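Q: sequence first, predicted coordinates after that:
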Amino acid sequence: MKKIRLGLLGSDDSIDVIQSVIKEYPEFECTPIIYWREEEIPDLLSPIANDFDIWLFSGKVPYAIAKSWGGITKPMFFTPHTGPSLYKTLLQIFYHNQIAMEQISFDNFHYDELNSILDEAEIKANHLYLKYYEGEEVDAKVLAGYHYELWKSGKTKAAVTCLRSAHIELEKMGVPVYRVLPAKSAIESVLNLALRTYEMLHFKESQIAVQMIEIDSYFGLAKDTFSTDEIYKIEIKMAEKLLVYANKVQGSLKSAGPGRYVIFTTRGLLQDITNEFSIIPNLEDLEELKKEVITCGIGIGKTAYEAEIHAGRALFHAREYGKGSWMVALDNQTIAGPLGREEQITYSYVSKELQKISEQTSLSISTLSKLESILKKIGKSEIGAHELAQYMQIMPRSARRILKELEEQGIAQVIGEETPYSRGRPRNIYKITL
């Protein structure tokens, strides 16, 4: 069985603990990467970001920095500093130095989270010194300074930190400091989650993907040479080009009638060349093909039949966006596209609520799903006809008709007006409740 390549990035002491647990998981082939300063994390990741199947970080700080950097496309996990992690540290403090909770400064934990952990252990504290920070915003020297000032003023006798770089700084300052390391139970939980995620993704990559392509049989045909023979020759040439493309995606090509072709391949391959279903494949030797393809629908399914049904649905939606449009229908009953365009949206094509509204109006579920997706994308429930028309790529009068019909059913209401130009009638702004 092929091993799962696991990239493990963290501080030296955390990596030792995590690796001791990973040894019990023969499914993983682990490569440790140690960092000493948080600011060097992007540079460490840059050359190897996608060399692994899964990434594991030794805490939420390196994880948040890596996520904010954005160069990793593989699944990412981190080991949390849970209750058992802190209990072990507190036990050491109480056993060796018998320091009261009110004389310890903490970091990383949220106030409610720390209180919950202590309540669970029935540890009482009148007040807590706590420095909370968002992962990517951490500064080791600032954090160390917080603990140092409390210790120097006599308010605390020890510091508890989750950050290795702050731990090193505090040791230099002479502050009694204890480090919170990931607990074995937390590491095991994350590794099991990573395994399940990998298995799910591996299954998804092997799902059937079908591309249903419509071409322009008249493309390149001279006006004065119109004949069925010429059209036949053009379709033969097109089939040859599509066969080259099918080989690129390791798929098989079949004709589905005049001007329509179907390519069977796997989700993983198609997902790669479309950059997670966001762009039209950029293949140099197939540039001419893009001009001739009218529309393309991509369908994903557990079986070839299911994928082909989804491809047909995606093709139907692609037609609404005009020539050269590509759409994808995923197995979670959502449509996404048009691929490669800024206004790309994702919307569900099955919804009981939308089905009910569709029955009340003359609007299709497809139209209502697009509207719902647009509202989610812009992050508000208010929209005007011109803005809706731009997103849906329809005429403003068609957008006004949609909004007017929703208003008649009490689903939309006019809440204001806008006047974008010095002349002309004001435009209504609608609040929509789907």
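A: Looks like it came in fine.
Q: contacting residues around stretch 315-335?
A: With contact meaning C-beta atoms under 8 Å, 6 or more residues apart in numbering, stretch 315-335 is reached by 207, 212, 214, 216, 274, 277, 280, 290, 293-302, 306, 310-311, 313-314, 336-340, 346-350, 366, 369, 393. No exception for glycine: its C-beta is placed from N, CA and C like everyone else's.
Q: pick out the residue nearest the middle of the chain.
A: Thr73 (9.0 Å; C-alpha atoms, centre = their mean).
Q: show me what contacts the closest residue to that residue other than its chain neighbours?
A: Once flanking residues are discounted, Thr73 sits nearest to Asn50: 5.9 Å by C-beta to C-beta, 6 or more residues apart in numbering. By C-beta under 8 Å, 6+ apart, the residues touching Asn50 are Ile72, Thr73, Lys74.
Q: with Thr197 instead?
A: Thr197 makes contacts with Ile54, Pro75, Phe77, as judged by C-beta under 8 Å, 6+ apart.
Q: highest neighbour count among these?
A: Ile54 (20 neighbours; other C-beta atoms under 10 Å).
Q: tell me the phi and psi of that one?
A: Main-chain torsions, Ile54, degrees, to the nearest 10: phi -150, psi 150.
Q: for it, which residues make a bridge with it?
A: Beta-bridge partners for Ile54, by DSSP bridges, are Leu6.
Q: residue contacts, Ser398?
A: Ala389.
Q: how near is the residue nearest to the centre of the chain to Leu44?
A: 17 Å (C-beta to C-beta, to the nearest Å).
Q: hmm, back to that, any idea how far Lys67 is from the residue nearest to the centre of the chain?
A: Thr73 is 12 Å from Lys67, by C-beta to C-beta.
Q: ok, now Gly251?
A: Taking C-beta to C-beta, one finds Gly251 at 34 Å from Lys67.
Q: Asp53 too?
A: 17 Å.
Q: more crowded one of these two?
A: Asp53 (20 against 17).
Q: tell me who's in contact with that one.
A: Counting by C-beta under 8 Å, 6+ apart, Asp53 makes contact with Ile4, Arg5, Leu6, Lys74, Pro75, Tyr198.
Q: contacts only, for the last one.
A: It refers to Tyr198. Counting by C-beta under 8 Å, 6+ apart, Tyr198 has contacts Ile4, Asp53, Ile54, Pro75.
Q: show the pLDDT at the last one.
A: Each residue has a pLDDT score; the one for Pro75 is 89.
Q: for it, what are phi and psi?
A: According to degrees, to the nearest 10, Pro75 has phi -60, psi 140.
Q: thought it was touching Met200?
A: No. Using C-beta atoms under 8 Å, Pro75 is not in contact with Met200; the gap is 9.6 Å.
Q: tell me which helix or strand the nearest residue to Met173 once chain neighbours are set aside sits in.
A: In this structure, Met173 finds its nearest non-sequential neighbour in Tyr148, 5.1 Å apart by C-beta to C-beta, 6+ apart. Secondary structure assigned from DSSP states H and E places Tyr148 in helix 140-152.
Q: contacts for that helix?
A: Counting by C-beta under 8 Å, 6+ apart, 37-38, 105, 107, 129, 131, 133, 156-159, 161, 163, 165-166, 168-170, 173, 175-177 sit against helix 140-152.
Q: select only the buried ones of these in ChimeraX?
A: Burial among the contacts of helix 140-152 is assessed by 16 or more other C-beta atoms under 10 Å; the matching ChimeraX selection reads:
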select :38,105,107,129,131,133,156,157,158,159,161,163,165,166,168,169,170,175,176,177
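Q: from the contacts of helix 140-152, which land in strands?
A: Ser105, Asp107, Tyr129, Lys131, Ala158, Ala159, Thr161, Val177 (DSSP state E).
Q: distance of the first one relative to Leu253?
A: So the one you mean is Ser105. 67 Å.
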